[in-house]
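S.K.: only the shape, not the letters, is given here:
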Ligand SMILES: [Zn+2]
């Protein structure tokens with residue numbers, strides 16, 4: 001009997017070891033990609049690992065990705081390991097393979113951050129960098145409140161006043177959108193989309209071309225945490241309702257599927273998300289993507305943890321007591337302690353994987 005909570009890990013290094021061992025035990029072909037731009041907190045090397053299952057020429061491929069937002073990899077890695085340890089690979093239908101992408105953002109996972117080594121939010125980095133970036137006037141107005149001079153009671157009270165005034169005037173969801181919708185103007189801020197494709201961006205595109213180039217149908221599940229009710233996995237459509245693949249995603253996931261564009265999601269509308277890479281790199285395949293977003297704590301608490309972590313890396317001291325407090329809070333907000341949340345994560349992931357496999361087969 002597999003203990004589901006034990007499939008989850010407390011650190012990136014533990015997660016990587018567990019993933020590679022479980023993938024090897026299940027007969028997967030493992031490839032590792034070293035991130036040449038960063039090291040972990042103990043100076044350790046950081047890798048993105050992939051494990052592939054099923055026939056080399058499979059027409060249908062299920063893709064599962066963890067750690068797009070670094071610290072959220074505790075969740076995605078746990079779900080991947082649970083799938084490996086509960087007989088997932090052996091149960092793949094005919095002509096169907098699986099590609100597990102473990103720690104697409106190993107820096108963020110290792111350092112307990114959402115962002116990558118460039119302070120970039122990967123899920124805002126997949127825009128066309130040759131075009132003008134989408135404007136985010138709200139962020140501009142809030143930038144100083146988001147990154148205060150110091151983490152003192154006075155500075156925090158002033159930040160709080162500015163953020164609350166914005167919510168009073170525009171609404172709480174508009175505040176969430178201004179902060180989290182993505183921005184390309186403040187490299188020292190949060191939800192920064194970057195000014196060029198990151199290492200993770202270039203690497204996942206190469207992986208897509210090399211591993212999925214022969215597939216006719218590709219189903220992608222990207223694991224996230226931090227929005228929605230505790231332990232619930234919201235299935236968020238990653239394309240707008242005008243996209244060709246929208247109807248297919250709707251057919252696979254039914255009324256469970258939510259959409260930021262039509263206001264049914266707990267997520268703000270965002271641009272430049274990671275899963276956009278798959279249809280771009282696989283123009284001849286039918287790609288159907290979903291983000292599974294597991295709730296943890298209330299949005300203000302989660303956003304506050306992200307803001308504190310950004311301040312810590314920009315202006316604080318990681319070794320200080322407040323630095324350690326911020327890191328502990330960051331981990332809890334995106335990876336709640338205890339068995340129950342982890343069991344809920346796997347139950348929902350298992351169900352979603354089943355729907356994706358049925359969709360691929362249809
Ligand atoms: Zn996320």
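M.R.: Thanks, I have it. Predicted model, so just to flag it, every value in this text is computed and none were measured.
S.K.: name the residue closest to the centre of the chain, please.
M.R.: Closest to where the C-alpha atoms of the chain average out (Cα atoms, centre = their mean) is residue 68, at 3.4 Å.
S.K.: spit out the contact partners of the residue of the stretch 1-150 of the chain found nearest the ion.
M.R.: Nearest to the ion in the stretch 1-150 of the chain, going by Cβ to the ion, is residue 69, at a distance of 3.6 Å. To be clear about C-beta, it is placed using only N, CA and C from the backbone, and glycine gets the same treatment. By Cβ atoms under 8 Å, 6 or more residues apart in numbering, the contact set of residue 69 is 105, 108, 114, 115, 121, 122, 123, 224, 225, 226, 334.
S.K.: so is the longest strand seen in the chain next to the ion?
M.R.: The longest strand of the chain (DSSP state E) is strand 217-230. Yes: contact of strand 217-230 with the ion is found when judged by Cβ under 5 Å from the ion, involving residue 224.
S.K.: list the buried residues in that strand.
M.R.: If you call a residue buried by 16 or more other Cβ atoms under 10 Å, then strand 217-230 has these buried ones: 217, 218, 219, 220, 221, 222, 223, 224, 225, 226, 227, 228.
S.K.: next: stretch 24-32.
M.R.: For stretch 24-32, by 16+ other Cβ under 10 Å, it's 26, 28.
S.K.: related to what we said a few turns ago, closest to the ion among the buried residues of strand 217-230?
M.R.: residue 224 (3.3 Å).
S.K.: check whether that closest one really touches residue 291, as I assumed.
M.R.: Yes: with contact defined as Cβ atoms under 8 Å, residue 224 counts as touching residue 291 (5.5 Å).
S.K.: quick one, helices of the stretch 51-200 of the chain?
M.R.: 73-85, 106-110, 137-146, 153-170, 172-180, 199-212 (DSSP state H, counting those that start in this stretch).
S.K.: and the last one, what does it pack onto?
M.R.: What that stands for is helix 199-212. strand 29-39, strand 45-53, strand 60-65, strand 96-102, helix 277-281 (3 or more Cβ pairs under 8 Å, 6 or more residues apart in numbering; DSSP states H and E).
S.K.: take those and lay them out in TSV including mean pLDDT.
M.R.: Output for the helices and strands packed on helix 199-212, formatted as TSV (pLDDT from 0 to 100):
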stretch	mean pLDDT
strand 29-39	98
strand 45-53	98
strand 60-65	98
strand 96-102	98
helix 277-281	98
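S.K.: quick one: closest of the ones you listed to residue 139.
M.R.: helix 277-281 (24.2 Å; Cβ to Cβ).
S.K.: how near is the closest residue in space to residue 95 that isn't next to it in sequence to residue 50?
M.R.: Nearest non-adjacent residue to residue 95, counting by Cβ to Cβ, 6 or more residues apart in numbering: residue 59, 5.0 Å away. Per Cβ to Cβ, to the nearest Å, residue 59 is found 19 Å from residue 50.
S.K.: the two: which is more packed in?
M.R.: residue 50 (23 against 16; other Cβ atoms under 10 Å).
S.K.: name whatever forms a beta bridge with that one.
M.R.: Beta-bridge pairing of residue 50 under DSSP bridges involves residue 31, residue 101.
S.K.: hmm, back to that, reformat the buried residues of strand 217-230 as CSV; add pLDDT.
M.R.: Output for the buried residues of strand 217-230, formatted as CSV (pLDDT from 0 to 100):
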residue, pLDDT
217, 98
218, 98
219, 98
220, 98
221, 98
222, 98
223, 98
224, 98
225, 98
226, 97
227, 95
228, 96
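S.K.: from the residues you listed, which two are the most distant?
M.R.: Farthest pair in the buried residues of strand 217-230 (Cβ to Cβ) is 217 and 226. Separation: 30.0 Å.
S.K.: care to break the protein down by domain?
M.R.: Following automatic domain parsing, the chain resolves into domains at 5-129+194-298+331-361, 137-191+301-319.
S.K.: make JSON lines from the ones you listed and add distance to residue 325 to it.
M.R.: Below are the domains of the chain laid out as JSON lines (distance: least, Cβ to Cβ, whole Å):
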{"stretch": "domain 5-129+194-298+331-361", "distance to residue 325": "11"}
{"stretch": "domain 137-191+301-319", "distance to residue 325": "9"}
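S.K.: so which of those domains is the most surrounded?
M.R.: Mean neighbour count (mean count of other Cβ atoms under 10 Å) peaks for domain 5-129+194-298+331-361 among the domains of the chain, with a mean of 20.
S.K.: quick check: residues of the stretch 101-250 of the chain near the ion?
M.R.: residue 224.
S.K.: any idea which helix or strand of this structure has the worst average confidence?
M.R.: Using mean pLDDT, DSSP states H and E, the weakest-scoring helix or strand in the chain turns out to be helix 172-180, at a mean of 92.
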